[in-house]
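Participant: what shape does this take:
(chains A and B)
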Amino acid sequence: MRKFLLKRALMLPLVALGVTFLLFSLTGLLPPEMRASIYMQDQRELTPEVMRELIRIHRLDAPMIVRYGSWLKNLVKGDLGYSETARMPVTSAIKTYLSATLELTLFAIIPIFFIGTRLGTISAVKKDKWPDQLTRLLAITGYSLPTFVFGLLALMFFYGWLGVLGPGRYSFETDLLIHSGAFKSYTGLLTIDSLLNFKFGVFIDAVKHLLLPAGVLCFGSVAMLIRITRTSMLEELNKDYVRTARAKGLKQSYVIAAHVRRNAMIPVITLVSLQFVRLLGGVVITETVFDFPGIGRWGVKAAQQLDLAGVMGFSLMSALLFVLANTISDVLYAVMDPRIRYGE
Amino acid sequence: MFDERTMKRFSNSKASIFGLGLIAAYLLLALFAPFIAKPRGQDPYQMPQAGYSSEPQKPSPEKIFGTTESQYDLFYGVVWGARTAFKIGAAVIFVALAAGLIIGGLAGYYGGWADESAMRLTDIILAFPGIVLAVVIVAMLGPGIEKVIFAIAAVSWPAYARLFRGDILTVKKQDFVTASRLMGAGDFWIFTRHILPNSIYPVVVVASLDIGSVVLTAAALSFLGLGAPAGYADWGQLVAMSRNWILGSAGSPFAYWHTLLIPGGAIFLFVLAWNLLGDAFRDVLDPRQQ
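Facilitator: You can find the predicted model right below:
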């Protein structure tokens, strides 16, 4: 076990290094003048003389491996350049936007977990009967309907027709209030900060703006969890111990709750952290549709306007979170299932 | 893999037949696009514009799906969009599968450092959420259909390489491979005559069923403004054009419903068809569910 954990811990920085190298080599597709911008804190100072100077200092016309080295040195120092689209240094942009994205994913992952495991269980127990058929229909609709179409439909109904639940992260009044100085930011998560500040109006406003994007994310991602729970439950239901328990005279509902679900949940729990990661991909589109100021919307804007420093910061951040969550998922799997002892 | 019993189970599933029928319908639409929606300009993929006003027109007898923003004809866009979808889907799968087979094949067959370096490369690419890396690549290359194809293929091949490598590792250990080697067969012979025929089908099936999700990703890139160039017949772009009109006009909130529902429905049914087919295959081939 310890050996496995150690191996995974050592893999982490290696993959991270590989990720930085891959991203940097992608910038090799651009001309040196373009690449100069990722070294600038403020693009307005990027005059032709400065550009030439930058190319000379950072040896932008040098072989890639040399350039990679100097870029990596800045990265380690925490200097990722200046993001034009965010109008702030990349590190501050990540800090600002990540909390919004985190809040959104948290609001999506909790219903995903409960709805997904519940529907997956029902689907397995009632295999091929109508609850199963209905759940599978819901699931296949969920992963066939593009997030951006569903999101726009939701806006059309709730915002266009009913006039509630608009885009953005908060209303204009809330914006004034939280930037007034009377509002202290503790966590960056608006729903928690508003409660800590005893501003219940802000809390309700924040929840209202989270409902639609979180709902859309949930609908698109819950299908995967339903399917995994269903397969896992079906596999367990066919095992001998279930027949034994039933033969002892135990009620079907008790057998399922006390025996089957527990065993079936092992792969499911580990997948929840993977689900979290999938959501990080999903927010790219959802945040753009709902104009939600998170890391995904920033990344897309940066990509559209070729804000190179922004694109690099956004993709680096996503990849690191992704790798971290994958590792956690692997470790959870090993911890939860005593039969799994990687390489021992 | 495709014995009689499997095929029978497959054809008994109503969902898979429905999916297959839908795909056939889309294929016909794509094949006969020049007859169904006659191209007027030089480039048939460029959607014709009926005027210069930005406000979409409602469906009418002469324009059965109406027009979207900037007067692009929706019927034309949906029909030629089917062609774009198949073009992107097939090209991505072809490129990604070829790369996956070559890299996964070399890694699995030769093992050692070839395997190690190939697998670490897949680790790094799989360290990104697919859409994020695709967004980065398209941002660097600029918009255009070929660039979208390249970007999606670049993020898809590692999955195929890993699957193929795994299958090769199992086949490689079989007795008939050892027997062939003892008889003096060379690497190329063993690989093409013994290993390939016994390991290539799963990855080919998996890859071809991915066409739905490839088209979904391409549509998402176009929606984000990073895919098809302006006016190109592409479902994702048509959905993006509806964004300014979803609130309707004063007093009638659903005035421009067609700009979203028609192209959105086209993507949904296309992806649904491939998913139905994929689900049916998985159910039929999963030994735990028999």
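Participant: by mean pLDDT, which helix or strand of chain B comes out lowest?
Facilitator: The weakest-scoring helix or strand in chain B, judged by mean pLDDT, DSSP states H and E, is helix B:4-12 (a mean of 68).
Participant: list the buried residues in the helix or strand just after that one.
Facilitator: Going down the chain from helix B:4-12, the next helix or strand is helix B:14-31, by DSSP states H and E. By neighbour count on 16 or more other C-beta atoms under 10 Å in any protein chain shown, the buried set for helix B:14-31 is B:15-16, B:19-20, B:22-23, B:26, B:29-30. In this view, the C-beta of every residue, glycine as well, is placed from N, C-alpha and C.
Participant: then stretch A:103-110?
Facilitator: Neighbour count says stretch A:103-110 has A:103-109 buried, by 16+ other C-beta under 10 Å.
Participant: those in helices, which ones?
Facilitator: Mapping those onto helices (DSSP state H) picks out A:103-109.
Participant: with the residues you listed in mind, which one is nearest to chain B?
Facilitator: A:Thr105 (12.2 Å; C-beta to the nearest C-beta).
Participant: next up, the contacts around the spatially closest residue to the closest one that is not a sequence neighbour.
Facilitator: Among residues not flanking A:Thr105 along the chain, A:Leu279 sits closest, at 4.7 Å (C-beta to C-beta, 6 or more residues apart in numbering or on different chains). Taking C-beta atoms under 8 Å, 6 or more residues apart in numbering or on different chains, we find A:Leu279 in contact with A:105, A:108-109, A:217, A:221.
Participant: try 10 Å
Facilitator: A:101, A:104-106, A:108-109, A:112, A:214, A:217-218, A:220-221, A:286, A:296, A:325, B:129 (C-beta atoms under 10 Å, 6 or more residues apart in numbering or on different chains).
Participant: now flag whichever of those is closest to A:Tyr241.
Facilitator: Nearest to A:Tyr241 among the contacts of A:Leu279, counting by C-beta to C-beta, is A:Ile112 at 29.2 Å.
Participant: now do the strand or helix carrying the closest one, average pLDDT.
Facilitator: Assigned by DSSP H and E, A:Ile112 belongs to helix A:90-125. The average pLDDT within helix A:90-125 is 89.
Participant: list the buried residues for that helix?
Facilitator: Buried, per 16+ other C-beta under 10 Å, within helix A:90-125: A:90, A:93-94, A:96-109, A:111-113, A:115-117, A:119-125.
Participant: got it, and stretch B:115-123?
Facilitator: B:115, B:118-119, B:121-123.
Participant: now chain B against chain A: closest residue?
Facilitator: Using C-beta to the nearest C-beta, B:Pro129 is the residue of chain B that sits closest to chain A, at 3.1 Å.
Participant: does that residue touch A:Val284 like I think?
Facilitator: Yes - at 7.6 Å, B:Pro129 counts as touching A:Val284 under the criterion of C-beta atoms under 10 Å.
Participant: just the buried residues of helix B:14-31 that are near chain A?
Facilitator: Among these, the ones lying near chain A by C-beta under 10 Å from any C-beta of the partner chain are B:15, B:19.
Participant: where are the low-confidence patches of the chain?
Facilitator: Since no chain was named, I'll use chain A. Chain A contains residues with pLDDT under 70 at A:1, A:31-46, A:57-61, A:337-344.
Participant: correction: the question concerned chain B.
Facilitator: Short version for chain B, where the test is pLDDT under 70: B:1-7, B:9-12, B:285-290.
Participant: break down it into its helices, ranges please.
Facilitator: B:4-12, B:14-31, B:33-36, B:74-110, B:112-125, B:130-141, B:145-172, B:175-182, B:187-189, B:196-209, B:211-223, B:235-241, B:257-285.
Participant: quick one: closest of the ones you listed to B:Phe65.
Facilitator: So among the helices of chain B, helix B:74-110 is nearest, using C-beta to C-beta, at 3.7 Å.
Participant: for the helix or strand harbouring A:Thr191, which helices and strands make contact with it?
Facilitator: Assessed by DSSP H and E, A:Thr191 sits inside helix A:190-196. Under the contact criterion of 3 or more C-beta pairs under 10 Å, 6 or more residues apart in numbering or on different chains; DSSP states H and E, helix A:190-196 touches helix A:90-125, helix A:172-178, helix A:200-237.
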